[in-house]
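Predicted structure and sequence below. I'll ask about it afterward.
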Amino acid sequence: MLVDINLLPQSEKRSPQWLYVVTGVISLGILALIVLFILVGNIGKDVDALTTELQSTKQQRAEKEQNISDFESSDAWVQLESAVGWAENYPIDTLPVLDHLVELLPERGFMKEFTYAEDGSIQLSIQFDTSSEAAYYLTHLKESKYIEDAKLSSLATETISETKQSAVNTESVLPRYIAQYDIILNRIAIKEIESEENSEEQGGDSE
């Protein structure tokens, strides 16, 4: 009877647990890399969106600053300042001004045109019998406390037609003088006139 005797040491069978461990570690590593790539991708998209929004905000700010700069350098700014100044100083009642200008006229002086501008300036066209009356009226205007400045811009002789001459052929016809005046009002003094008139009206109403 033959007996098989193996004198070589037998190798121990390895447990498959180490294989499971290695496989699990590798799987976790791959999963971690995938999650990391996803997070990096999302962060990159957020950064791109924020960068785009920042650039858009900078562009809008630059456009607004440019619009403000263009507005300040344009005539619109000057017109706005002029409108504000006009609103602060206006309105002035022209009726007491007109009454005062008529009071200064000589007996034979007649007002033909009256033009009042928004800046407080007045242009007058007045008819006189003599050129000296036009000069006297200018003196009275300059002496008035309600007038800041007055100038005689022109003085012309009015032409009398033949029909007018025939209608008054029994009398000597004298030339008429048309004087043009440029006047700047004293706003403070004019407003004092308005205040006095308002006070008088209120006093009359209380009686």
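Arrived safely. All figures in this text were calculated on a predicted structure; none of them were measured in a lab.

max-length strand in this protein?
Counting by DSSP state E, the longest strand found in the chain is strand 147-158.

which neighbours does it have in its sheet, and in what orientation?
Strand pairing for strand 147-158, determined by DSSP bridges: strand 176-185 (antiparallel).

can you pull the buried residues of the partner strand?
Across strand 176-185, burial judged by 16 or more other C-beta atoms under 10 Å covers Arg176, Tyr177, Ile178, Ala179, Gln180, Tyr181, Ile183, Leu185. All C-beta atoms are positioned from the backbone trio N, CA, C, and that covers glycine.

Show the average pLDDT along that strand.
Here strand 176-185 scores 92 as its mean pLDDT.

Can you tell me what sits against it?
With contact meaning C-beta atoms under 8 Å, 6 or more residues apart in numbering, strand 176-185 is reached by 92, 97, 101, 112, 120-131, 133-134, 137-138, 141, 146-158, 160.

ok, 7 Å please
92, 97, 120-131, 134, 138, 141, 146-158 (C-beta atoms under 7 Å, 6 or more residues apart in numbering).

Can you select the buried ones from those in ChimeraX?
Here is the ChimeraX command that picks out the buried ones among these, judged by 16+ other C-beta under 10 Å:
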select :92,97,120,122,124,125,126,127,128,129,134,138,141,146,147,148,150
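
ok, back up a step: among the buried residues of strand 176-185, find me the one that's closest to Tyr20.
Leu185 (105.9 Å; C-beta to C-beta).

Just want to check the distance between that closest one and Lys145.
For Leu185, the distance to Lys145 equals 11 Å [C-beta to C-beta, to the nearest Å].

And for Ser154?
26 Å.

Mean confidence (pLDDT) on the longest strand of the chain, please.
If you average the pLDDT values across strand 147-158, you get 91.

List the contacts of it.
131, 134, 138, 141-142, 175-186.

Gln180 bridge partners, please.
Assigned bridge partners for Gln180, using DSSP bridges, are Ser125, Ser154.

Number the chain from 13, please
With 13 as the first residue, the last one maps to Gln192.

Give me the phi and psi angles of Leu132.
Not Leu; residue 132 is Gly. phi 90, psi 10 (degrees, to the nearest 10).

close enough to count as contact, it and Ala201?
No - applying C-beta atoms under 7 Å, one finds Gly132 not in contact with Ala201, separated by 11.6 Å.
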